[in-house]
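S.K.: need a structure here:
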Amino acid sequence: MLTNRPRTKILVDGGDPYETLRIKNLMGFVDGQTTNPSLIAKNPEIQRLNASGHKLSSQEEKEEYKKIVQSISPLVGDAGVSIEVFADLDTRAEEMLAQGEEMFSWIPNAYVKYPCTHEGLRAAQMSVQKSIRVNITLCFSQEQAAAVYAATKGSKAPVYVSPFVGRLDDRGEDGMDLVRNIKRMYERGDGHVHVLAASIRNLNHLLCSFALGAELTTVPSKILEEWAVAGFPMPDRDFRYKGVDAKGNSLKVIPYKKLDLNVPWESFDIAHELTTKGIQKFVVDYQNTLRPSA
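M.R.: Residues are numbered from 1 along each chain as shown. Here you go, the predicted structure:
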C-alpha cells in the first residue's frame, strides 16, 4: 500500500467499478476516475449483454452508464468522476450541454467531459457559468489548452484539461513535452485550469507526470499495478525522462509557444486531427453497443 502519496492526484482510467475497488485496495486510495464511451463499452456487464446478443437502446446505454458511474462515485476522492458526453463531429454545444446538465446530476462528484472542439468549448463555457465542473478531453496542442483556459475563465471549481500523451507518442511526437509546455504556459495564469495527464501508456509516463507537477493523471489499472509491483517508485531530482518510440528512437520535441491567455478563446487555432480521430473512435465504440435504430 502506498504510504507517501504523490502531490499529483491519481485517477483510474476505466469503466469497471470492480477494477476501481481493486486499485483502491492496492494503493489505499483512488483520487478520482475518468470514463469515456470506449471504456464503458469495455465494461464487463456491457460486454456480457452484447455477447448474449442483446444490443442496447441509446436510453438503456445511458442508464447503464449512469449505474456504472454511481457505483464508482463513492469509491473515489475529490478529483471526482469524469463522465463524457456522447458527441460526434456534428454535435452542437447546446446538445452537449443538455447531456452535461443531466450527467452532472447523477453523482455529487461529477466532472463533465467535453471534447476539445469549437462546440465542446462552447459547451464548457456555458457549463462553467452554470457551476458545472468540466474536463476538456482529447487535447493535443498548446493552442487547445490556451483556448480551454480562456473559455472557462471565472469557473468556481478547477477545470481539467486532458492532454493525451500516448497518442502523440504514437505518431513520433513527445507527448510529455505537451504536458510540460501547458504547465509552463499556465504559470502566467490564475490557476483555474489543472493539467490532467492522460493516455498514460507506461511507468515512465506516470513518473514524468509526477516530475512535471501535473495536478492530476489518469492511468489504466495495469500501469498502476506495475507501479505497485515496482514498490511505488517516485521520481527523484536526478529523474530524466527520455521519450522513445516502439523501436527505441527518440521522439520529436514539441516546441514551446508563447501564447496570450487573455485573448478570446475563439482566436486560437484549435483544430487537430488527433482530436477528430479520437471523437470518431469513441462514436464507433459507442455505436457497437447499440442496436440499430428502426
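
S.K.: any idea which helix or strand comes after the helix or strand bottoming out on mean pLDDT in the chain?
M.R.: None of the helices or strands of the chain scores lower by mean pLDDT, DSSP states H and E than helix 37-41, at a mean of 78. Proceeding N to C from helix 37-41, the next assigned helix or strand is helix 44-51, under DSSP states H and E.

S.K.: quick one: the strands in the stretch 151-294 of the chain?
M.R.: For the stretch 151-294 of the chain, applying DSSP state E, counting those that start in this stretch gives strands covering 159-163, 193-197, 216-219.

S.K.: and residue 278, which of these is closest to it?
M.R.: strand 159-163 (10.5 Å; C-beta to C-beta). To be clear about C-beta, it is placed using only N, CA and C from the backbone, and glycine gets the same treatment.

S.K.: quick one, helices of the stretch 151-294 of the chain?
M.R.: Assignment of helices within the stretch 151-294 of the chain using DSSP state H, counting those that start in this stretch yields the ranges 165-170, 175-186, 203-212, 221-229, 273-287.

S.K.: With residue 267 as the reference, name the closest of those.
M.R.: helix 175-186 (15.2 Å).

S.K.: Report all helices and strands that the closest one contacts.
M.R.: helix 142-151, strand 159-163, helix 165-170, strand 193-197, helix 203-212 (3 or more C-beta pairs under 8 Å, 6 or more residues apart in numbering; DSSP states H and E).

S.K.: I'd like to know how far the spatially closest residue to residue 13 that is not a sequence neighbour sits from residue 201.
M.R.: Sequence neighbours aside, residue 218 is the residue nearest to residue 13 in space, at 4.3 Å (criterion: C-beta to C-beta, 6 or more residues apart in numbering). The gap separating residue 218 from residue 201 is 12 Å, by C-beta to C-beta, to the nearest Å.

S.K.: of those two, who's got more company?
M.R.: residue 218 (27 against 16; other C-beta atoms under 10 Å).

S.K.: which parts of stretch 223-241 are buried?
M.R.: Within stretch 223-241, the residues scored as buried using 16 or more other C-beta atoms under 10 Å are 223, 224, 227, 232, 235, 241.

S.K.: from what I can see the fourth one touches residue 5, true?
M.R.: No - with contact defined as C-beta atoms under 8 Å, residue 232 and residue 5 do not form a contacting pair (9.4 Å).
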